[in-house]
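> Sequence first, predicted model second:
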Amino acid sequence: MQLLVFLLRRLGWMLITVWVVFTLSFFLMRAIPGGPLNGERVLSESVRAQLEQRYNLDDPLFVQYTTHLWNTICFDFGPSYKLQDFTVNEVLAQGFPVSAALGILGMTFAILLGMTAGVVSAVRRTSIYDFSFMLLATLGIAIPSFVLASMAIVLFVFYFQIFPAAGWGELKQIVLPAMCLGAPFAGYIARLTRTGMLEILSNDFIRTAYAKGLSTQTVILRHALRGSILPVVSYLGPACAGILTGSLVLEKIFAIPGMGSHFIEAALQRDFTLGMGALLTYTVLLYVMNTLVDLSYCIIDPRVVLE
Amino acid sequence: MGTLPRADFVFNNGAEIKTMDPAVATGSPEGRVINALFEGLLRSMPAGEPDSLGRIPMKPVARGMADRFTVNAEGTVYRFHIREDARWTNGDPVTATDFAWSWMRFLHPETASEYNYQLFYVRGAEKFNTVQLAVGDKVEVELADRKTPELFPRGTIRRGILRELILPPKEGSEDTGHKETGSADAVEAISGKAIFVVEFQNESSNTPATETIAYAVSADGSLAGIDELKQSYTGDYSLSNIQPCKHVLYDFNEVGIRVISSQDLEVTLNSATAFFPELVAFYPLHPVHRRCVEQYGARRFTKAENIVTNGPFRLKERRIRDRVRLIKNEHYWNAAEVELESIDVMSIQSETTSLNMYLTGQLDWDTTPPNTMIPVLKKRNDFVSTPFLASYFYRVNTAKPPLNNPLVRRALNLAIDKLSIVDNVVKGGQTPANSFVPPGMIGYEGYQGSGYDVKLARQLLAEAGYPNGKGLPQIEILYNTADSHRDIAEVIQQDWKKNLGINVVLRNLEWGSFLDSLRMGDYMVARSGWIGDYPDPNTFLDMFVTGGPNNQTNWGNVKYDNNIEMAKSEADPATRMQLFVEAETILMEEQAILPIYFYVSKNMVRPRIQGFHANLQDVHPLHLIKIRREGSAVDNSISEDTN
């Protein structure tokens, strides 16, 4: 019951957030110079008039706003202005799975690598492992993803020739971008895990566990790890946001046809409808991710109460 | 989405294509795809004698859907014969009716084709498109009974004669709105601001011989837009029962596109048009399959599962902003000569990424090597480059003082060291430009302007009343944000400062805003480029006629306009070219634009690819490409020196 109330309240706030994002971006898009019908070749008067009529661009702004809002409520984002063979829904349906695959893989990579490095660093504190892992983590956080991507391409594409340079369609094409995407998050997660782990390891119940004669492995994995990942979990919300926005640049470098590519192109080409569709998808996605993270708190730590 | 193995031939097409519908597409990436999927009556093929650079020119020849065509002695009537074995991918024969219908669709105002002016050389075509109707014209009325909101299939078409045209008074005129003659235009007609009184002949004998109905064009069936007009009408026709309709257009049967038989199409032009075959081979005039368009509508007919095409390849799959997968079309009349079984047309935005993919063997042809890499790539034997049909120039806003003075504009032009720009900035083998039309067009010896001449520039500036630049306001150069454009603008900024003592500021805008500023005339000097659609000076020069949509410089000259107009209907090639030379001379002497350089095409093509030839238009028909099986080793070194 408590859960249901929590979810309903979150849903309510999400709808308000989406509406505010919609309204702000609707008017911002139209406030900047340029429009979807501008191209290098100037349209003749009658062609422009026809296209304005087709896309309802000749209506007063408020009418455009209400029509677009109503269609959006019906989950119809309209036709894309610059990808004339597709509706925005079709573009998003093609782009979303690509970005999702990339994001999930990048996140998995970040969690696996980050937590392993964090646990090892904490357990072998002040060893050479600790030192080198934490140095790498700092580097991973400090280096922007596009620099990392360039280095990765030089190293793994041209020097060692293990991975293809770019593209989407084969499994091995996803590895480099996912790694570059996940690297800074792996760094953060490693540091968070290490801190959490160190704190837990100094607790009395850990000493008790050792005193019972349990192996180090069991103590770490069964008893210490569970408590030490709380900071990591709370970081997953912002991390999801970071993964989403981080993929904008990487998708361009690795020529990946995901949401990021569509979003950037839509903004540059003034494809209002596609830009709005991508933006709202991002909004909903972030909101859902944050809610899931909040939910997971109370599963991991029973002391947390939903409100 | 599943995985996809590599195609036989993979190339980067640059930008994502906007559409595969030939009628509304523009741009060269679209052209590459559409020319592979569809085929017009004629096809541009390498033909004839090599030019001075050893390039075989591309010429429109009857190796498309037509296997022969004839022109009458005046050059005004073309008759195309469609080959018997021309087939659509669904097995239907390609007929003259397909072309007539596709061209009607292309010209229909509601299609809103940007290239529709390409067919305005055909008799009556412009009138059909721009709805410039006058009383007494034969018209076709599309009734408001469409089955779908889409344009095709159209509602019922009735053909009659326009008896009266009632237009709103023009702004600022005393006109009451009632007009016996006069002419509507498309904007008025489509926005439902005009009333058309049309008389129809009744065929059955038991009704009156004629019937007269008043119509107003209305998108949604409401007639609110014409109430006022109706009130003020004082003429003889009854307007009590005005019918809404979708369109009142010039009767397409009056347009010079006539189906003689299923294999023969006759096209009548307004006057002899030398480059008409080029237009017929140009992709906007490629036919579409009527039933396919009518069944699925303008957007969905291009889906892989729906589309019906007639070119050497067919559409297998399209992944947005990733690739278009084409496979060989077995129904193509010349399928025996098409070697490639599959093609991946990639749309990779980043030039660097694209080059990486080429260097590591993922691409066979890279159309967009980055400018910064050209000096290195130029030394490789797989870099194919040749002068092509494009100009890089600066527009000058001739309405903004002091740029309204031609002397100042000429001084600005003479003070730019173009050779240095070409040699030290762009470095790709481009040639400095002292005229607008690129060299290489057959039969056209363009205007030869003078090059870098600081002394003359200073003298002209002094004549204009600004000795040593004194009293001359600051000049602003506008360019769209890109390193390559900034580098050139900086050199010109220094040249003008050093040579003429002019203070120059640079302003860059992102592409969308840049286009807006250009269109609004909100600039002083702006970077521009133009790629010719076909190898004829007209494709460059007709853009600077007074008030032309792409002029954007506020410049105009009556003699220039006359020459361009006369050249349209001049049958004698030599006289025609002379008219163009005179026009270009006017344009350059008044210096509405400052030419900078002529482009070169830049292509990286793997040596195992055959059938790829450098040419003036930088067009490379995909169905002529063949692959040499041996020697496919990947060469990814970029530092190799073969000098």
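Okay, I see it.

> Residue ranges in the stretch 301-450 of chain B under the pLDDT threshold?
For the stretch 301-450 of chain B, no stretch has pLDDT under 70.

> Show me where it has its helices.
Remark: helices assigned in the stretch 301-450 of chain B by DSSP state H, counting those that start in this stretch are B:351-359, B:374-377, B:406-414, B:418-420.

> With the stretch 151-300 of chain B instead?
B:186-190, B:227-232, B:276-281, B:290-300.

> could you dump the helices of the stretch 301-450 of chain B to TSV with distance to B:G136?
Every C-beta, even on glycine, is put in place using the N, C-alpha and C of the backbone. Below are the helices of the stretch 301-450 of chain B laid out as TSV (distance: least, C-beta to C-beta, whole Å):
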stretch	distance to B:G136
helix B:351-359	57
helix B:374-377	60
helix B:406-414	46
helix B:418-420	55
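
> Quick check: the residue of chain B nearest chain A.
B:G512 (3.0 Å; C-beta to the nearest C-beta).

> is stretch A:140-158 up against chain B anywhere?
Yes: under the criterion of C-beta under 8 Å from any C-beta of the partner chain, chain B is reached by stretch A:140-158 at A:I153, A:V157, A:F158.

> Out of those residues, list just those in helices.
In this view, the residues of stretch A:140-158 next to chain B that belong to helices under DSSP state H are A:I153.

> among the residues of stretch A:140-158 next to chain B, which ones are buried?
A:I153, A:V157 (16 or more other C-beta atoms under 10 Å in any protein chain shown).

> Tell me where the model's unsure across chain A.
In chain A, residues with pLDDT under 70: A:302-307.

> Also the stretch 501-643 of chain B?
In the stretch 501-643 of chain B, residues with pLDDT under 70: B:630-643.

> Would you mind naming what in the stretch 401-550 of chain B lies close to chain A?
Near chain A, when you scan the stretch 401-550 of chain B using C-beta under 8 Å from any C-beta, you find B:L509, B:E510, B:W511, B:G512, B:S513, B:L515, B:D516, B:S517, B:R519, B:P549, B:N550.

> Near the residue nearest to B:R299 when sequence neighbours are not counted, how many residues? Count them for me, please.
Nearest residue to B:R299, sequence neighbours excluded (C-beta to C-beta, 6 or more residues apart in numbering or on different chains): A:D85, at 5.8 Å. If you count neighbours by other C-beta atoms under 10 Å in any protein chain shown, A:D85 ends up with 22.

> Grab the most central residue of the chain for me.
No chain specified, so I'll use chain A. A:L244 (2.3 Å; C-alpha atoms, centre = their mean).

> wrong one, chain B
Chain B, centroid-nearest residue using C-alpha atoms, centre = their mean: B:Y115 at 5.2 Å.

> Do you know the pLDDT at that residue?
At B:Y115, the pLDDT value in this model is 91.

> can you check B:A186 too?
pLDDT, read off for B:A186, is 66.

> what's the span of stretch B:72-91, first residue to last?
33 Å (C-alpha to C-alpha, to the nearest Å).

> Identify each buried residue in that stretch, please.
Going by 16+ other C-beta under 10 Å, stretch B:72-91 has these buried residues: B:75-83, B:86-89.

> What is the burial count for residue 211?
Looking at chain A here, since you left the chain open. 8.

> Wait, chain B was what I had in mind.
13.

> Check B:G451 too.
B:G451: 14 neighbours (other C-beta under 10 Å).

> now the host helix or strand of B:M45, how far from the centre of its chain.
For B:M45, the element it lies in under DSSP states H and E is strand B:43-46. Relative to the chain's own centre, strand B:43-46 is displaced by 18 Å; criterion: C-alpha atoms, centre = their mean, to the nearest Å.

> so what strands line up beside whichever helix or strand comes after that strand?
Moving toward the C-terminus from strand B:43-46, the next helix or strand (DSSP H and E) is strand B:58-61. Using DSSP bridges, the strands paired with strand B:58-61 in its sheet are strand B:43-46 (antiparallel).

> CA atoms only: put the partner strand into CSV for me.
Output in CSV follows, covering the C-alpha atoms of strand B:43-46 (Å, rounded to 0.1, in the frame of the first residue of the first chain):
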residue,chain,number,x,y,z
ARG,B,43,20.8,8.3,-67.5
SER,B,44,24.0,10.3,-67.0
MET,B,45,26.8,8.0,-68.1
PRO,B,46,30.4,8.5,-69.0
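
> Can I take it that B:A583 is in a strand?
No: assessed with DSSP: H, G, I helix; E, B strand; the rest coil, B:A583 is helix; it does not lie in a strand.

> tell me the contacts of the residue lying closest to it once chain neighbours are set aside?
Sequence neighbours aside, B:N563 is the residue nearest to B:A583 in space, at 4.1 Å (criterion: C-beta to C-beta, 6+ apart). Going by C-beta atoms under 8 Å, 6 or more residues apart in numbering or on different chains, B:N563 touches B:L579, B:F580, B:E582, B:A583, B:I586.

> Kindly tell me how buried the closest residue to chain B within chain A is, as a neighbour count.
Chain B sits closest to A:G34 of chain A, with a gap of 3.0 Å, by C-beta to the nearest C-beta. For A:G34, the number of neighbouring residues by other C-beta under 10 Å comes to 20.

> B:G512 versus that one, what's the distance?
In this view, A:G34 and B:G512 are 3 Å apart by C-beta to C-beta, to the nearest Å.

> Next to chain B, which bits of the stretch 101-250 of chain A? Give me the list.
Counting by C-beta under 8 Å from any C-beta, the stretch 101-250 of chain A sits next to chain B at A:I153, A:V157, A:F158, A:Q161, A:P164, A:A165, A:A166, A:G167, A:W168, A:G169, A:E170, A:L171.

> any idea how far B:A112 is from the last one?
Just to be clear, that refers to A:L171. 43 Å.

> Could you check which of those two has the larger neighbour count?
B:A112 (25 against 7).

> The residue nearest to the more buried one when sequence neighbours are not counted: helix or strand, and which one exactly?
Distance criterion C-beta to C-beta, 6+ apart; nearest residue to B:A112, sequence neighbours excluded, is A:Q50 at 3.8 Å. Here A:Q50 sits within helix A:45-54, counting by DSSP H and E.
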